[in-house]
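> could you work out the structure for the sequence below:
(one chain, ligands or ions: 2)
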Amino acid sequence: MTKSGDDPAFFRLLPSYGVPQRVINTLISNYDLPVPYSLNNPPSELHEAQWIYLYGTTGTGKSTYAAYLMSLFLRARARLGEAVVDIRKASDDDTHVSRGGALQDQVCYRYVRVTELLHAMKEDFNSDLNYGQHLFNSCRRASILVLDDLTSQLSQWELAQLDYLIDRRYGDELKTIITSNHSLERLKRVIGSERIPGRIGEVAHMKRMKRMYR
Ligand SMILES: Nc1ncnc2c1ncn2[C@@H]1O[C@H](COP(=O)(O)OP(=O)(O)OP(=O)(O)O)[C@@H](O)[C@H]1O
Ligand SMILES: [Mg+2]
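Ligands and ions are numbered 1, 2, ... in the order given. Prediction:
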């Protein structure tokens, strides 16, 4: 990875996509973005329909690395003109980010923890705001989605929601980065479903994270 001047400014865009502040702080202190891609030399990852499944025990930097990968794709797309993001202007202007300015890009990106998504959807039963449904829809349509921490047991209702989300993204060939504490084999047993791990196994590049940071 090569040092690049606008890394911290770029990473400061990420809250509006849902990336937690703690993860962003780790990115700023430990990660550098590669030299910006030129229009004539787009990164090959952009053209692959592949998903990425990051797995490993707790504290191996999965959530951080998932956000880093998202940054790579996001910046590549911005450079390619698919999402017009003036990195310096947007990150200097806090109100742009706090108003969700980055979400107004034509191409939408999303980082969500599985528990956060399911919790928001359940809250909809007691509220008219339908925040959970909006969040779910942005996860379903995002051109890059990080689905963080697909690790815990799920109820039948929860499984059905995630099954729908994953199946739609699989069908639409939308890039999805998933993190979990479990290998795919073990995930089948933990969540009690063959369908979700089956879809992931078919299209995802598997990356086991080993180095402990905690
Ligand atoms: N590349 C890195 N360099 C230094 N510290 C890191 C790096 N990646 C992650 N960390 C630190 O390690 C800790 C764990 O990182 P992270 O939350 O990404 O792990 P995780 O694998 O997602 O854990 P969990 O399974 O519990 O969700 C954090 O405190 C983070 O700041
Ligand atoms: Mg994590």
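> where does the protein dip in pLDDT?
For the chain, the stretches with pLDDT under 70 are 1-6, 35-49, 77-107.
> show me the helices in it, by range?
7-11, 21-30, 62-79, 87-92, 94-98, 114-123, 131-141, 156-172, 184-191, 195-203 (DSSP state H).
> to Leu147, which of those lies closest?
Each of these has some distance to Leu147 by C-beta to C-beta; the shortest is helix 114-123, at 6.2 Å. Backbone N, C-alpha and C define where each C-beta goes, glycine included.
> spell out which parts of the protein neighbour ligand 1.
Taking C-beta under 6 Å from any ligand atom as the test, the list of the chain residues beside ligand 1 reads 26, 30, 58-64, 149, 181, 213-214.
> which ones are touching Phe11?
Phe11 sits next to 24, 27-28, 31, 71 when contact means C-beta atoms under 8 Å, 6 or more residues apart in numbering.
> just send those back as CSV, with neighbour count too.
As requested, the contacts of Phe11 are exported to CSV (neighbours: other C-beta atoms under 10 Å):
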residue, neighbour count
Ile24, 19
Leu27, 23
Ile28, 15
Tyr31, 16
Ser71, 23
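> closest to Arg208 out of those residues?
Comparing the contacts of Phe11 against Arg208 with C-beta to C-beta picks out Tyr31 as the nearest, at 19.3 Å.
> that closest one reaches Tyr68, doesn't it?
Yes - with the criterion set as C-beta atoms under 8 Å, Tyr31 and Tyr68 qualify as a contacting pair; they are 5.2 Å apart.
> related to what we said a few turns ago, and the contacts of Phe11 as a markdown table, adding distance to Leu154?
Formatted as a markdown table, these follow (distance: C-beta to C-beta, whole Å):
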| residue | distance to Leu154 |
| --- | --- |
| Ile24 | 28 |
| Leu27 | 29 |
| Ile28 | 33 |
| Tyr31 | 31 |
| Ser71 | 29 |
